[in-house]
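**Q** could you look at this predicted model? Sequence included:
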Amino acid sequence: MIKAPERSGAFFFPPAWASALRMELIVENLSCARGGVIVLEGVSFRLAAGRALVLRGPNGAGKTTLLRTIAGLQHAAGGTISLPPDTIAYAAHADGLKPTLTVAENLTFWARIYGRGIGDTLDRMNLAGLADRPAMNLSAGQKRRLGLARLLVAGRPVWLLDEPTVSLDTEAVALFASVTRDHLAAGGMALIATHIDLGLETEVLDLSAFRARPRIAGGFDEAFA
Amino acid sequence: MIALLLRDLRLAVRAGGGFGLGLAFFLLVAVLVPLGIGPEPSLLARIAPGILWVGALLACLLSLDRIFALDREDGSLDLLATSPIPMEGVVAVKALAHWLVTGLPLALAAPGLAVMLQLPGGHGWLAISLALGTPALSMIGTFGAALTVGLKRGGLLLSLLVLPLYVPTLIFGAEVARRGAMGMELGTPLALLAAITGGTLALLPFAAALAVRINLR
């Protein structure tokens, strides 16, 4: 049952997505470098609207590097990514919260950066009761939930999630899974690096298959690439 | 971008934000100098413009390393880099916020301190020279902060990078203040000071944005 679009209407389904709905994230033959050393090469996958893909691989396999490359924070050492960075909302390990601002102020700031309002996001992430509390007084899990709430106010179709469930309790993991399910049902996409089963219908991509032999990237000058 | 400016200003005035730190430092310099040099009015009057300008320079320097370091630590900088705001805009807003929190209060407080330092006249020109010169100090400092954003404890390196770049602003700023105090013609240094600020504001946001992007990789 697709209920998300009806529930929050225009907020959840911004017009900018109209084209995104027919979008597909196609990554072809992508090589990623970290600190001037190629760590992944030949990464290829397709992610259709409404689908999620889970990245697996041991520590250091390059999950974060791949996500940062797709988000546009690092240059690809080779290969192509079909969607531009402005369709992508990236959630890193750090949540980008200011300890002296309240929960509502933090979220409103990010919403305004994306030119949007916060709507009922605090309710959806079960944070409404904490709205006026400074972020420094939140627990690690509450901070994480606030960090993930940023994805909802960003209003972008592709979510890149780097270990989104770290420090979340089981209830919050379930909440996050349902929010992600709503996002997918509304035509979004998610690329998730996680070790936890979110209970979503996802494909799995094991990055160890694309691991590059450690070598210095050819002609790749870290400072000016 | 207005949201970013308001957030930075709000952070500055909240606990631990550092608002007033530069101003307090500036006041202390102006108070300590007569204690060190002695209370001779003619000597104080002669060195007052220079003292106030050097004090303003050092006060600006104090809070530079916070411009990007805090955003880098809590991940905001990565998220801003992937947001719809161009990095050039982020950098320019950060410099503006730094100026509003540091440079502008200095310019407003300077005439009062000039009276304390026995400056005979030209208090208005002193304030104008600071108001015109401190935006360049903030912008150059933001550029330095962008260059050192990836470094832990890059504060000292930042000072070494930035202080030489402050020299032209200091020379012409202090010259405007000195000539103002002596009632001399000051059009030329004033125009040069404005030119330095204008050029800095036009060019350095792009350089600083590039430096941030490189450091985020």
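**A** Everything's here; your move.

**Q** in which helix or strand does the residue nearest to the spatial centre of chain A reside?
**A** The centre of chain A sits closest to A:Leu160, judged by Cα atoms, centre = their mean, with a distance of 2.4 Å. Here A:Leu160, judged by DSSP states H and E, is contained in strand A:158-162.

**Q** pLDDT below threshold where in the chain?
**A** All of this refers to chain A. The model of chain A has pLDDT under 70 over residues A:1-22, A:214-225.

**Q** sorry, I should have been clearer: chain B.
**A** B:17.

**Q** residue with max distance from the center of it?
**A** Most distant from the centre of chain B: B:Glu40, at 29.6 Å, with distances by Cα atoms, centre = their mean.

**Q** on that earlier part again, correct me if wrong: the residue nearest to the centre of chain A contacts A:Thr87.
**A** No. Contact criterion Cβ atoms under 8 Å: A:Leu160 and A:Thr87 do not qualify, at 10.6 Å. Where C-beta positions appear, they are placed from N, C-alpha and C, glycine not excepted.

**Q** so how far is B:Gly112 from A:Ala149?
**A** Distance of A:Ala149 to B:Gly112, computed by Cβ to Cβ, to the nearest Å: 46 Å.

**Q** who are the packing partners of whichever helix in chain B runs longest?
**A** Counting by DSSP state H, the longest helix found in chain B is helix B:187-216. The helices and strands touching helix B:187-216, judged by 3 or more Cβ pairs under 8 Å, 6 or more residues apart in numbering or on different chains; DSSP states H and E, are helix B:76-81, helix B:87-98, helix B:123-147, helix B:167-182.

**Q** next structured bit after the third one?
**A** The reference is to helix B:123-147. Assignment by DSSP H and E places the next element after helix B:123-147 at helix B:155-165.

**Q** so that following helix versus helix B:187-216, what angle?
**A** 150 degrees (axes from the mean of the first three to the mean of the last three Cα atoms, to 10 degrees).

**Q** can I get helix B:155-165 in PDB, CA atoms only?
**A** Provided in PDB are the C-alpha atoms of helix B:155-165 (Å, rounded to 0.1, in the frame of the first residue of the first chain):
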ATOM      1  CA  GLY B 155      45.600  27.700  14.600                       C
ATOM      2  CA  LEU B 156      49.200  28.600  14.700                       C
ATOM      3  CA  LEU B 157      49.800  27.800  11.100                       C
ATOM      4  CA  LEU B 158      46.700  29.800  10.300                       C
ATOM      5  CA  SER B 159      48.100  32.900  12.100                       C
ATOM      6  CA  LEU B 160      51.400  32.500  10.200                       C
ATOM      7  CA  LEU B 161      49.600  32.200   6.900                       C
ATOM      8  CA  VAL B 162      47.300  35.100   7.500                       C
ATOM      9  CA  LEU B 163      49.300  37.800   9.200                       C
ATOM     10  CA  PRO B 164      51.600  38.600   6.200                       C
ATOM     11  CA  LEU B 165      48.500  38.900   4.100                       C
END
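
**Q** contacting residues around the nearest residue to A:Thr180 once chain neighbours are set aside?
**A** Nearest non-adjacent residue to A:Thr180, counting by Cβ to Cβ, 6 or more residues apart in numbering or on different chains: A:Ala190, 5.8 Å away. Residues near A:Ala190 by Cβ atoms under 8 Å, 6 or more residues apart in numbering or on different chains: A:Ala52, A:Leu53, A:Val158, A:Trp159, A:Leu160, A:Leu161, A:Thr180, A:His183, A:Leu184.

**Q** what about the first one, distance to B:Phe68?
**A** Separation of A:Ala52 from B:Phe68 (Cβ to Cβ): 33 Å.

**Q** between the two, which has more neighbouring residues?
**A** B:Phe68 (26 against 21; other Cβ atoms under 10 Å in any protein chain shown).

**Q** A helix includes the more buried one, no?
**A** Yes. Counting by DSSP: H, G, I helix; E, B strand; the rest coil, one finds B:Phe68 located in a helix.

**Q** next, find the distance separating it from B:Val149.
**A** Distance, B:Phe68 to B:Val149, using Cβ to Cβ: 4 Å.

**Q** which residues do these two both contact?
**A** B:Leu77, B:Val212.

**Q** three-state assignment of the residue of chain A found nearest chain B?
**A** With Cβ to the nearest Cβ, the shortest gap between chain A and chain B falls at A:Ala94, namely 2.5 Å. Look at A:Ala94: counting by three-state DSSP, its state is coil.

**Q** contacts only, for it.
**A** Residues near A:Ala94 by Cβ under 8 Å, 6+ apart: A:Gly147, B:Glu73, B:Asp74, B:Gly75, B:Ser76, B:Asp78.

**Q** got it, and B:Pro86?
**A** Counting by Cβ under 8 Å, 6+ apart, the residues that B:Pro86 touches are B:Ala209.

**Q** contact partners for B:Leu104?
**A** By Cβ under 8 Å, 6+ apart, B:Leu104 lies in contact with B:Ala131, B:Thr134.

**Q** extract the C-alpha trace of the helix or strand that contains it and format it as PDB.
**A** For B:Leu104, the element it lies in under DSSP H and E is helix B:104-116. Once non-C-alpha atoms are left out, helix B:104-116 reads as follows in PDB (Å, rounded to 0.1, in the frame of the first residue of the first chain):
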ATOM      1  CA  LEU B 104      32.100  45.700  13.200                       C
ATOM      2  CA  PRO B 105      32.100  45.800  17.000                       C
ATOM      3  CA  LEU B 106      35.800  46.800  16.800                       C
ATOM      4  CA  ALA B 107      35.100  49.600  14.500                       C
ATOM      5  CA  LEU B 108      32.300  50.900  16.800                       C
ATOM      6  CA  ALA B 109      34.400  50.600  19.900                       C
ATOM      7  CA  ALA B 110      37.600  52.200  18.500                       C
ATOM      8  CA  PRO B 111      36.600  55.900  18.900                       C
ATOM      9  CA  GLY B 112      36.100  55.400  22.600                       C
ATOM     10  CA  LEU B 113      39.400  53.700  23.000                       C
ATOM     11  CA  ALA B 114      41.000  56.400  20.900                       C
ATOM     12  CA  VAL B 115      39.900  59.000  23.500                       C
ATOM     13  CA  MET B 116      41.500  56.900  26.200                       C
END
